[in-house]
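In: Fold the following and give me the result.
(4 chains)
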Protein chains: 2
Amino acid sequence: MSKRRKPPANPREPGTRKRGGPAGGRRVTLKDVAASLDLSPATVSLVLNRSPVADSIPSETQERVLAAARALGYRPDMVARSLRSRRSYSVGIVVPEVSDGYAARVLSGVEDPLMEDGYFFLVASHRSDGELLTRYLQLLSDRLVEGFILVNTPLTESPELPSVAIAGHHPLDRVTNVVIDHQLAAELALSHLAELGHERIAFFKGHSGSADTEVRWRAITAAARSHGISLRRELTLQLGGDAVSQRFTPEEAYQEGYAYGRRLLALGQPFTALFAFNDVSAIGAMRAFLDAGLSVPEDVSVVGFDDIQSAAFQNPSLTTVRQPLHEMGTTAGRILLDQLAGRDPADRVVTVVPELVTRASTGPAPAGARRRPRRRASARG
Amino acid sequence: MSKRRKPPANPREPGTRKRGGPAGGRRVTLKDVAASLDLSPATVSLVLNRSPVADSIPSETQERVLAAARALGYRPDMVARSLRSRRSYSVGIVVPEVSDGYAARVLSGVEDPLMEDGYFFLVASHRSDGELLTRYLQLLSDRLVEGFILVNTPLTESPELPSVAIAGHHPLDRVTNVVIDHQLAAELALSHLAELGHERIAFFKGHSGSADTEVRWRAITAAARSHGISLRRELTLQLGGDAVSQRFTPEEAYQEGYAYGRRLLALGQPFTALFAFNDVSAIGAMRAFLDAGLSVPEDVSVVGFDDIQSAAFQNPSLTTVRQPLHEMGTTAGRILLDQLAGRDPADRVVTVVPELVTRASTGPAPAGARRRPRRRASARG
DNA sequence: TTCGGTGGCTAAACCGATTTAGCCGTGATA
DNA sequence: TATCACGGCTAAATCGGTTTAGCCACCGAA
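Out: Okay, the predicted model is just below:
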């Protein structure tokens, strides 16, 4: 009975709330604004949304509406709006793991264009679990996200919504892939090493869950051939290949690099350089080499991939292939927004260019090159 | 006219869609399920939500409902649900910057409990801009988030929703603060240094935008006093104090540490140890010391704060005070969920304990201690 | 005088759920 | 036989917007 309905036209009326004050009082709704003006909610909505239908409404009225909305501190309820318009002004971002530096940097890049256009994003991490991934994509679309951004996430079938895949390599419906030029990346790294006289090069291949792994490896194979470098099976270790944890967290990634660095030494196969799949494993391995009494780069050169922030601050600082992750995120965000706005993407694949950052972890191959590094580490433990 | 309405009771009917298939066809709504069973949407809703009102519905009917929902692949529209129930099953997380390692690790901790309870989260980064922060809090609540998690974000007034502030230090309405025991942290670091014979200790004070800065500094002051260590104004540098960029990105944080490391040397004041506000600046400074020809820890010991992933992989590896950031995130998430479920938090402040991780960057104060480090670096550039 | 057009606005359906009040039939009780 | 309680379910309001069809008044033209 005493429940307030249709507040009188007096703009002061809605409850006792001071505008904006968090205390008490209902939120101001469209109806409140309309009532305060003796107009219908429809009119107010049309005006506030600059709908073309509102063109015939005299600008004087429009200004009254705007003024009242401002005066009452009206803020539209996005949920109600979404329900009717079937748009949520939000997108879903899925990553393998939030705390991963790769994902975090991409995320921060994506954020800019989204926020600029009034979009928010929901994040979910699938931990390289395919089922979890599909479930999250569903849950996200239940929440009416308008599109997806998939970061370093291998996708086997087309998502239901427009998507951009960062490091996506499969041509799929509704998805635009943003990738770096792996061919160039491999070329940069290997020609650098080749120029320094390296021949016996060890490799860390990527984790099998990582989207870039295969493509990059093919690029490396090609580049190696063109430089007359032979890829030796025995010097090629695939990360995540075994015992070492499947779950993909950065802490473990360092450890993993360390462990694989030791394994490399334990193999007893001579090598003068390592090209790792990412900086984290490169740093881990470098550390293993140093601990084993080798010098970097005098005994072994190390090249990473990504250029994570700490790469420059390693001792020795890490030579690496930089991926412009922030930029890739920004690009992805913009492409998705364009798609949502109905502007179809020009290309289904957008390529960004990597860059070699030469630092102190690479140097000329040891004088007696082609032979095993001088001081060998004792095998594990 | 031909617009489909009230699909007949036949469960096969709704369009030509195969269930779950992304192609064509409307989504299955509650009405569809109801119609397929010749029940009302109300009943179906009550059953699916295990509402107490549904207790009187025979379990046979309940099972029919469940079965039909499953068979049709019904997935409730979260937006519609939110509108009516005024709950969104999502929370807003605000951070200074997504790509910051601190935030990323907390985020990944928060994620677990949230996802477990079916909550999603929206992220916004305020870049240490107070106005942006308030705007985001508003925008987020326009989207009906049920609460906030504030990461390392100084808050001056109470938010409108239940909140948990990680590294929050002001007692505010509706907010629970999750903080580490700074007293203990300072004690751990300084007693470690004191035991090693350090007396002239340099400090990097935190950025003024960082929530922990003041509290930690007071703790350091107290701990120093109790160990008879005098804090020398001339050896205390506040990060972000000047020229060096105000915007807070990790790349810059390393640079900043490096720059401040050099400044420290340039002061010409002898010191044998540095206790930095965070690992990133510690690593930057350490790098500056090394570049200047000093040895760590023989000439200068360095203690960081946070224990970021790469701390263990520095050369020398970094002694630091570990903050259990992931755990703090998890705790924060759980507390917020409890609050949303109506279980009021026992405490308005939850303290977690830091831990000293002793590694290779600290060692005994140089023999001729109390004197300036032996080889001095030339002042900048 | 009638008609058509247009400017200014609104009624009402709608989005897809949740939720409350209460209907209807039946068997037990007074 | 009237009443009540209860089991099983539903009608209808509601959340707060968006959007479409169209009303009404007024004006100029036929």
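In: And A:Ala224, which helix or strand is it part of?
Out: Assigned by DSSP states H and E, A:Ala224 falls within helix A:213-226.
In: Could you report the neighbour count for A:Thr134?
Out: 15 (other C-beta atoms under 10 Å in any protein chain shown). Every C-beta, even on glycine, is put in place using the N, C-alpha and C of the backbone.
In: right, I mislabeled it, should have said A:Ser226
Out: A:Ser226, neighbours per other C-beta under 10 Å, totals 13.
In: How about the helix or strand just after the helix holding A:Ala224, which residues are buried there?
Out: As assigned by DSSP H and E, the chain's next helix or strand after helix A:213-226 is strand A:236-238. Using 16 or more other C-beta atoms under 10 Å in any protein chain shown as the test for burial, strand A:236-238 gives A:Leu237, A:Gln238.
In: elements contacting strand A:236-238?
Out: Applying 3 or more C-beta pairs under 8 Å, 6 or more residues apart in numbering or on different chains; DSSP states H and E, we find strand A:236-238 packed against strand A:201-205, helix A:250-266.
In: Looking at the ones you listed, which one is packed in the most?
Out: strand A:201-205 (a mean of 24; mean count of other C-beta atoms under 10 Å in any protein chain shown).
In: angle of that strand against helix A:213-226?
Out: Between strand A:201-205 and helix A:213-226, the angle formed by their directions is 160 degrees, by axes from the mean of the first three to the mean of the last three C-alpha atoms, to 10 degrees.
In: Any residue of strand A:201-205 touching chain B?
Out: No - counting by C-beta under 8 Å from any C-beta of the partner chain, chain B has no neighbours in strand A:201-205; the shortest distance is 15.2 Å.
In: Up against DNA strand D, what does the stretch 51-200 of chain A have?
Out: Where the stretch 51-200 of chain A comes near DNA strand D, counting by C-beta under 7 Å from any atom of the strand, the residues are A:Ser51, A:Val53, A:Tyr74, A:Pro76, A:Asp77, A:Ala80, A:Arg81, A:Leu83, A:Arg84, A:Ser85.
In: can you do 10 Å?
Out: The stretch 51-200 of chain A comes close to DNA strand D at residues A:51-54, A:56, A:74-87, as judged by C-beta under 10 Å from any atom of the strand.
In: Narrow those to just the buried residues.
Out: A:Ala54, A:Tyr74, A:Pro76, A:Asp77, A:Met78, A:Val79, A:Arg81, A:Ser82, A:Leu83.
In: So among these, where is pLDDT lowest?
Out: Taking these together, the minimum pLDDT is found at A:Ala54 (91).
In: hang on, it is in a strand, isn't it?
Out: No - judged by DSSP: H, G, I helix; E, B strand; the rest coil, A:Ala54 forms no part of a strand; its state is helix.
In: Do I have it right that it meets A:Gln62?
Out: Yes - counting by C-beta atoms under 8 Å, A:Ala54 touches A:Gln62, with 7.1 Å between them.
In: Spit out the residues that contact those two alike.
Out: A:Val47 (C-beta atoms under 8 Å, 6 or more residues apart in numbering or on different chains).
In: quick one, what contacts A:Ala104?
Out: Contacts of A:Ala104 by C-beta under 8 Å, 6+ apart are A:Val98, B:Val98, B:Ser99, B:Asp100, B:Gly101, B:Ala103, B:Ala104.
In: Make sure A:Asp112 is indeed in a helix.
Out: Yes - according to three-state DSSP, the state of A:Asp112 is that of a helix.
In: What is the neighbour count of it?
Out: Other residues lying near A:Asp112 total 15 when counted by other C-beta under 10 Å.
In: dump the residue contacts of it.
Out: Counted by C-beta under 8 Å, 6+ apart, A:Asp112 has contacts A:Thr330, A:Gly333.
In: Please report how far it lies from DNA strand C.
Out: Noted for A:Asp112: a distance of 31 Å to DNA strand C, by C-beta to the nearest atom of the strand, to the nearest Å.
In: Can you check the pLDDT for that residue?
Out: For A:Asp112, the predicted pLDDT is 96.
In: Show me which residues of the stretch 251-381 of chain A sit near chain B.
Out: Checking the stretch 251-381 of chain A against chain B by C-beta under 8 Å from any C-beta, the hits are A:251, A:253-254, A:258, A:280, A:283-284, A:287, A:290, A:309-310, A:312-316, A:326.
In: In helices only, show me those residues.
Out: A:Glu251, A:Ala253, A:Tyr254, A:Tyr258, A:Val280, A:Ile283, A:Gly284, A:Arg287, A:Leu290, A:His326 (DSSP state H).
In: Can you flag the weakest of the helices and strands packed on strand A:236-238 by average pLDDT?
Out: Among these, helix A:250-266 scores lowest, at a mean of 87.
In: next structured bit after it?
Out: In N-to-C order, the element after helix A:250-266 by DSSP H and E is strand A:273-275.
In: Show me what that following strand pairs with in its sheet, parallel or antiparallel.
Out: Paired neighbours of strand A:273-275 in the sheet (DSSP bridges): strand A:201-205 (parallel), strand A:301-306 (parallel).
In: Next one: the residue of the stretch 51-200 of chain A found nearest DNA strand C from A:Asn49, what distance?
Out: Nearest to DNA strand C, among the residues of the stretch 51-200 of chain A, is A:Arg84, at 3.2 Å (C-beta to the nearest atom of the strand). Distance from A:Arg84 to A:Asn49, counting by C-beta to C-beta, to the nearest Å: 12 Å.
In: swap in A:Val357?
Out: 48 Å.
In: Show me which of the ones in helices among the residues of the stretch 251-381 of chain A next to chain B is closest to DNA strand C.
Out: Looking across these and measuring by C-beta to the nearest atom of the strand, the closest to DNA strand C is A:His326, at 37.0 Å.
In: so what's that closest one closest to, chain neighbours aside?
Out: In space, and not counting its chain neighbours, A:His326 is closest to A:Gly109: 3.9 Å by C-beta to C-beta, 6 or more residues apart in numbering or on different chains.
In: Can you read off the backbone torsions of the residue of the stretch 51-200 of chain A closest to DNA strand C?
Out: Main-chain dihedrals, A:Arg84, degrees, to the nearest 10: phi -80, psi -50.
In: can you list the residues of chain A near DNA strand C?
Out: Selection of chain A residues close to DNA strand C by C-beta under 10 Å from any atom of the strand yields A:34, A:37-47, A:51, A:53-62, A:64-65, A:79-86, A:142, A:144.
In: what do you get if the cut-off is 6 Å, keeping everything else the same?
Out: When proximity is defined as C-beta under 6 Å from any atom of the strand, chain A approaches DNA strand C at A:Leu39, A:Ser40, A:Ala42, A:Thr43, A:Leu46, A:Val53, A:Ser56, A:Ile57, A:Pro58, A:Thr61, A:Leu83, A:Arg84.
In: so which of the contacts of A:Ala104 comes closest to A:His170?
Out: A:Val98 (23.8 Å; C-beta to C-beta).
In: from what I can see the closest one touches A:Arg127, true?
Out: No - here A:Val98 lies out of contact with A:Arg127, judged by C-beta under 8 Å, at a distance of 10.2 Å.
In: quick one: which of the two has more around it?
Out: Neighbours were tallied for A:Val98 and for A:Arg127 using other C-beta under 10 Å; the higher tally belongs to A:Val98 (24 against 15).
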